[in-house]
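Chemist: all I have is the shape, not the residue letters:
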């Protein structure tokens, strides 16, 4: 360490010193230039992100950090660590989509956040199509779950697609939306309990195990009165 480095780390934590040394080794630059990057990326978490990114794209650390700093300069409300994390996510998305990361246009998009959104939309389209195909296959085996009770004026129906499950959770303000992928894969069954004369309006949601056991039945806000929900009706 030179005099400037000794002064900087005289009272530092061990992790700070370790991060600096890793950066210095990776950059091979004089201390003044290393200081610049250390100020922006000198945390243990950032070092882990940089290592993961560069291991994936097989290039040096400096171009990655320069690109992230450029992103930050264009987006004043984004902090260094946020931009680095977002870029880490972007690279992982590119790998999942099998994009050519040797292309500088792909590796360093002109607008990171626009490219990030495009990736997410592409992944969602692929994932949704896969889950929807699996849901249709699973529905062939669970049609027996649908049921109409004219006496009570209620019906049990299957979701017609995965978006129905997300809508159900948003309308009733409970967490069934997080079960959509498992429903699609047939790991469990989500069915809707609806009023017979109003089949389109969410009323209660049931999770049923693959063995046919009712695991849970939830209404608005999980029927928790302190949160504005109401106890289940006797008919339900």
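Modeler: On my side now, so go ahead. A quick note: this is a predicted structure, and the numbers were derived from the prediction, not measured.

Chemist: which residues in this structure form helices?
Modeler: Under the criterion DSSP state H, the chain contains helices at 3-8, 14-27, 31-41, 44-57, 61-74, 80-96, 104-107, 112-139, 162-172, 180-184.

Chemist: including distance to residue 201 and mean neighbour count, could these go into JSON lines?
Modeler: In short, each C-beta sits where N, CA and C put it, glycine included. Output for these, formatted as JSON lines (distance: least, Cβ to Cβ, whole Å; neighbours: other Cβ atoms under 10 Å):
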{"stretch": "helix 3-8", "distance to residue 201": "64", "mean neighbour count": "12"}
{"stretch": "helix 14-27", "distance to residue 201": "55", "mean neighbour count": "16"}
{"stretch": "helix 31-41", "distance to residue 201": "51", "mean neighbour count": "16"}
{"stretch": "helix 44-57", "distance to residue 201": "45", "mean neighbour count": "16"}
{"stretch": "helix 61-74", "distance to residue 201": "45", "mean neighbour count": "17"}
{"stretch": "helix 80-96", "distance to residue 201": "37", "mean neighbour count": "18"}
{"stretch": "helix 104-107", "distance to residue 201": "46", "mean neighbour count": "14"}
{"stretch": "helix 112-139", "distance to residue 201": "22", "mean neighbour count": "14"}
{"stretch": "helix 162-172", "distance to residue 201": "8", "mean neighbour count": "17"}
{"stretch": "helix 180-184", "distance to residue 201": "19", "mean neighbour count": "20"}
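
Chemist: the ones you listed: lowest mean pLDDT?
Modeler: Mean pLDDT is lowest for helix 3-8 among the helices of the chain, at a mean of 79.

Chemist: distance from the chain centre to that helix, please.
Modeler: Centroid separation for helix 3-8 versus its chain: 41 Å, with Cα atoms, centre = their mean, to the nearest Å.

Chemist: tell me what it is packed against?
Modeler: helix 31-41 (3 or more Cβ pairs under 8 Å, 6 or more residues apart in numbering; DSSP states H and E).

Chemist: now do the helix it packs on against helix 61-74, angle only.
Modeler: Taking axes from the mean of the first three to the mean of the last three Cα atoms, to 10 degrees, one finds helix 31-41 and helix 61-74 inclined to each other by 60 degrees.

Chemist: now do helix 31-41 against helix 80-96, angle only.
Modeler: Using the same axes, to 10 degrees: helix 31-41 against helix 80-96 is 80 degrees.
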